[in-house]
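**Student:** give me coordinates for this.
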Amino acid sequence: KSFVPLWLAFGANAFYVVLFKQFFEQIPKELVEAAELDGCGVWRMFITIMLPLSKPIIATMCLFYMVTMWNEWFTPMLYLDSKDKWPVALYVRQLVEGANNTEIGSSDASSVQATVKSATMVLTSIPIICVYPFVQKYFVQGMTIGAVKG
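**Tutor:** Numbering: from 1, shown residues only. Presented below is the predicted three-dimensional model:
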């Protein structure tokens with residue numbers, strides 16, 4: 001019917017909350033104390049100090065979320081009844097299922113199945129491959145959050 005169930009299902013992911021919590025715990029308390037001494041309110045402190053410092057974790061979470069939503073087909077299959085709202089992964093699944101049900105010959109059918117599966121995997125991975133170089137440095141910084149230094 002609508003996209004609301006999808007947003008609710010994926011919007012409040014506990015993994016993202018834990019990563020954000022870990023990130024904000026590593027920000028030095030001195031920054032917060034200095035902002036409070038300068039008369040900075042909570043919202044101004046968040047917008048002027050915390051938000052600019054949190055670019056790596058925001059980029060990491062956006063990349064995680066984008067990849068998750070791009071590859072998801074099961075939840076949209078359950079909640080969306082209109083084909084014009086379907087994500088690409090659901091179309092790909094139907095295409096692969098259609099290729100699996102071909103009734104040609106045994107060798108021809110397996111070759112068609114392999115070709116369709118390979119083509120769809122390449123085509124659906126192109127957008128993620130195009131976005132990743134732009135967020136790679138933030139992704140690496142975001143993944144090392146909470147790591148133990150040796």
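**Student:** buried residues in stretch 33-45, which are they?
**Tutor:** Buried positions in stretch 33-45, judged by neighbour count with 16 or more other C-beta atoms under 10 Å: A35, C40, M45. (Each C-beta comes from the backbone N, C-alpha and C, glycine too.)
**Student:** which one among those gets closest to V4?
**Tutor:** M45 (32.3 Å; C-beta to C-beta).
**Student:** the helix or strand of the chain with the lowest mean pLDDT: what's the following helix or strand?
**Tutor:** None of the helices or strands of the chain scores lower by mean pLDDT, DSSP states H and E than helix 4-11, at a mean of 67. Per DSSP states H and E, the first helix or strand lying C-terminal to helix 4-11 is helix 14-25.
**Student:** and the closest residue in space to V135 that isn't next to it in sequence, backbone torsions?
**Tutor:** Setting aside the residues directly before and after it, V135 is nearest to A59 in space (C-beta to C-beta, 6 or more residues apart in numbering), at 4.6 Å. Dihedral angles of A59 (phi, psi; degrees, to the nearest 10) stand at phi -60, psi -40.
**Student:** state the distance from A59 to W86.
**Tutor:** A59 sits 28 Å away from W86, going by C-beta to C-beta, to the nearest Å.
**Student:** quick one on the thing from earlier: I'd assumed V131 was in contact with the residue nearest to V135.
**Tutor:** No - counting by C-beta atoms under 8 Å, A59 does not reach V131; the two are 10.3 Å apart.
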